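# let's see this in three dimensions:
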Amino acid sequence: MFDKTRVASGWAVLQKGIMRPGGAAAGRWPVWLMYAFAVVATAATMIIRLGLKETFGEHLFLIVFIIPILLSAYAGGLGPGLAATLMSAATTGYFIIPPRYFFYFADRADGVQWLILLVNGIFISALSEALHRSRQRAEKSWLLQAVTLASVGDGVITTDIRGNITFLNPEAERLTGWRQQEATGRPLSAIFSIINAETRQPGTEEVEKVLLSGERAILADDLILLNREGGERAIAASATAIKQADGAREGVVLVFHDNSEKKRTLREIQRLASFPQLNPFPVLEVDAAGAITFYNQGAVEALKKLGPECSLADFLPPDLEEIQAAARQTGEKLFQRQVRIKEAVFSEAIFFAAPFDVLRFYTIDITARHQAEEARLRALMDLQQANESLQTEIWERQAAEETLQVALQFLEIAHRHTEMKPLLEAFVSAVKAFTGCEAVGIRVLHAGGEIPYLAYQGFSQQFYE
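Numbering: from 1, shown residues only. The predicted model follows:
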């Protein structure tokens, strides 16, 4: 279940140093500082370029201005990236490209290089902005996932693929006695120490199977958790593999909750079973014809709380006849059912007394526990959706980064060739390798429709020209 206390605890866990995806800490530079960085980085690059004029000679070497553009776009996204791009274009056109101190290009090749710098700067800025937004969406999904984990009412522990602890939520800290900072990096068995209640043997084998197989496992319900101080607590637990979008396993998420109260309640029901009048919970007896032949004071008190429109028959499950038939045919003596009466939920242990051919119902109100279980399932579904959304954002970011690498490859090609023909041929080869197409061609058209330049691979000359 969620409440304000747990959410506050969740935020406290986040403030203790949990990092965002990729290890990036929360927060970004102020906007004015990112624009200032773009201006300073571009100006510094221009000063260095002018200072090395003798080294470069007449070679423009405009590619160095990609450095401040990349840094500005990476730090601030579209705005600072465009600022660095426009400033680089203006200063190179005025101070470097001859004739200097005029916005005029005497050589067409110089104009081509300047235009390539401008176009690539705009492209890099736009792509970096897309990466920034993808990262922001990933951080939002991560935050939802982290707060959900920290706020869920059950204990939650996550591990990496080697079985070492990566996260404990506040409830897991309370149940195990270990703090998040102390447990991180330790083996799961050192923090989540469980034994079988009857055999007293270690019970972590199922978690290890999940690490190996990737399948979900519901652990035995007769487990004892040994906390850091050596105290024992009955728990119920399940383990699920953490998977990436491509199915690769990253670790395990372990969800468990205190089962002590349920165990004590069952023992109390067993103790009171032979004293039905003393049992505070409803106890009923039903004969072979389905008639109620006995009920205790606990059933009367329960009906008072439910309202006058409810009756003892509401405690009987809809498959009563099937239970009676199964008890007589198979000799089975114990059946478990849940019945809902209005908003209340009751768990029933149904015993078959063969010598008397009757069914005896021992009922307990589990409404609060049922509501908590529904809230837990909803929280786990929210967690799964947040995880899926996070994986999608990571995939989108990887795709954008791959596109940026290709753009840089094209930029390198553009600066390696000053002649149009070899430049186009190099572009054709790169596009063909990147896309996997069997044939790629590029035509450059003049305004009058002439084709002064073309390059192609995979086409026959007669077909393409």
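
# and stretch 157-176, how far apart are its ends?
End-to-end distance for stretch 157-176: 10 Å, by C-alpha to C-alpha, to the nearest Å.

# max-length strand in this protein?
strand 232-243 (DSSP state E).

# pLDDT (mean, whole number) over the next helix or strand after that one?
Using DSSP states H and E, the next helix or strand after strand 232-243 towards the C-terminus is strand 249-258. Per-residue pLDDT over strand 249-258 has a mean of 86.

# kindly report the same for stretch 189-202.
Rounded mean pLDDT across stretch 189-202 is 86.

# picking that back up, paired strands for the longest strand of the chain, with orientation please.
Within its sheet, strand 232-243 is paired with strand 217-218 (antiparallel), strand 223-226 (antiparallel), strand 249-258 (antiparallel), according to DSSP bridges.

# dump these to a markdown table, plus mean neighbour count and distance to V40.
All C-beta spots, glycine's among them, are computed from the backbone N, C-alpha and C. Below are the strands paired with strand 232-243 laid out as a markdown table (neighbours: other C-beta atoms under 10 Å; distance: least, C-beta to C-beta, whole Å):
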| stretch | mean neighbour count | distance to V40 |
| --- | --- | --- |
| strand 217-218 | 15 | 56 |
| strand 223-226 | 20 | 57 |
| strand 249-258 | 21 | 40 |
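
# out of those, which comes closest to I350?
strand 217-218 (23.5 Å; C-beta to C-beta).

# centre of the chain versus the closest one, how much separation?
21 Å (C-alpha atoms, centre = their mean, to the nearest Å).

# need the residues that contact that strand.
Residues from elsewhere that reach strand 217-218, judged by C-beta atoms under 8 Å, 6 or more residues apart in numbering: 206-207, 209-210, 237-240.

# could these go into a markdown table alongside neighbour count and distance to A183?
Shown next, in a markdown table, are the contacts of strand 217-218 (neighbours: other C-beta atoms under 10 Å; distance: C-beta to C-beta, whole Å):
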| residue | neighbour count | distance to A183 |
| --- | --- | --- |
| E206 | 16 | 20 |
| V207 | 22 | 15 |
| K209 | 13 | 22 |
| V210 | 23 | 19 |
| A237 | 24 | 16 |
| S238 | 18 | 20 |
| A239 | 25 | 17 |
| T240 | 17 | 19 |
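
# and the furthest pair within these?
Greatest spatial distance in the contacts of strand 217-218: K209 and A237, 13.4 Å, computed using C-beta to C-beta.

# all strands of the chain, in order?
Using DSSP E, strands in the chain cover 155-160, 165-168, 193-196, 217-218, 223-226, 232-243, 249-258, 283-286, 292-295, 334-341, 344-353, 358-365, 440-444, 453-457.

# hang on, the earlier thing: out of the strands paired with strand 232-243, which comes closest to E301?
If you check each of these against E301 by C-beta to C-beta, strand 249-258 wins as the nearest, at 27.6 Å.

# contact partners of that closest one?
152-161, 163, 166, 171-172, 175, 188, 192, 207, 210-211, 214, 219, 225, 233-244, 376, 380.

# restricted to buried residues, select the residues you listed in PyMOL.
Only the buried entries of the contacts of strand 249-258 go into this PyMOL selection, using 16 or more other C-beta atoms under 10 Å:
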select buried, resi 152+153+154+155+156+157+158+159+160+163+166+171+172+175+188+192+207+210+211+219+225+233+234+235+236+237+238+239+240+241+242+376+380
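
# OK, contacts around G177?
So G177 contacts 227-229, 231 (C-beta under 8 Å, 6+ apart).

# can you do 7 Å?
By C-beta atoms under 7 Å, 6 or more residues apart in numbering, the contact set of G177 is 227-229.

# what's the pLDDT at it?
pLDDT, read off for G177, is 93.

# burial count for the closest residue to it other than its chain neighbours?
Once flanking residues are discounted, G177 sits nearest to R228: 3.1 Å by C-beta to C-beta, 6 or more residues apart in numbering. Neighbours of R228 under the rule other C-beta atoms under 10 Å: 15.

# residue nearest the centroid of this protein?
Nearest to the centroid of the C-alpha atoms of the chain, with distances taken as C-alpha atoms, centre = their mean, sits N387, at 2.3 Å.

# mind listing the helices for the stretch 351-465 of the chain?
Along the stretch 351-465 of the chain, counting by DSSP state H, counting those that start in this stretch, helices occupy 367-416, 420-435, 461-464.

# any chance of the ones you listed in a markdown table, with distance to L127 and mean pLDDT too?
A markdown table is the format used below for the helices of the stretch 351-465 of the chain (distance: least, C-beta to C-beta, whole Å; pLDDT from 0 to 100):
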| stretch | distance to L127 | mean pLDDT |
| --- | --- | --- |
| helix 367-416 | 5 | 76 |
| helix 420-435 | 15 | 74 |
| helix 461-464 | 31 | 61 |
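
# for G81, which of the ones you listed is the nearest?
So among these, helix 367-416 is nearest, using C-beta to C-beta, at 11.8 Å.

# what helices or strands is that closest one leaning on?
Applying 3 or more C-beta pairs under 7 Å, 6 or more residues apart in numbering; DSSP states H and E, one finds that helix 367-416 makes contact with helix 108-151, strand 344-353, helix 420-435.

# distance to D314 added to the strands of the chain, as TSV?
Listed next are the strands of the chain as TSV, based on distance: least, C-beta to C-beta, whole Å:
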stretch	distance to D314
strand 155-160	36
strand 165-168	43
strand 193-196	39
strand 217-218	31
strand 223-226	35
strand 232-243	29
strand 249-258	29
strand 283-286	11
strand 292-295	11
strand 334-341	5
strand 344-353	9
strand 358-365	11
strand 440-444	75
strand 453-457	79
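
# closest to A90 out of those?
Per C-beta to C-beta, nearest to A90 of the strands of the chain: strand 440-444, 26.6 Å.

# what's the mean pLDDT across the closest one?
pLDDT averaged over strand 440-444 gives 71.

# same question, stretch 307-321
On average, the pLDDT along stretch 307-321 is 92.

# against P282, how distant is F356?
Remark: distance between F356 and P282 (C-beta to C-beta, to the nearest Å) = 20 Å.

# in terms of neighbours, single out the busier of those two.
Set side by side, F356 and P282 show more neighbours around P282, with 24 against 12, by other C-beta under 10 Å.

# verify the stated contact: that one with L303.
No: between P282 and L303 no contact is recorded; they are 8.3 Å apart, counting by C-beta atoms under 7 Å.

# for stretch 300-320, the distance to its chain's centre please.
Relative to its chain's centre, stretch 300-320 lies at 44 Å (C-alpha atoms, centre = their mean).

# and the end-to-end length of that stretch?
End-to-end for stretch 300-320, by C-alpha to C-alpha: 21 Å.

# neighbouring contacts of it?
Against stretch 300-320 from outside (C-beta under 7 Å, 6+ apart): 282, 284, 286, 290, 292, 295, 299, 337, 339, 341-342, 344, 346, 348, 361, 363.
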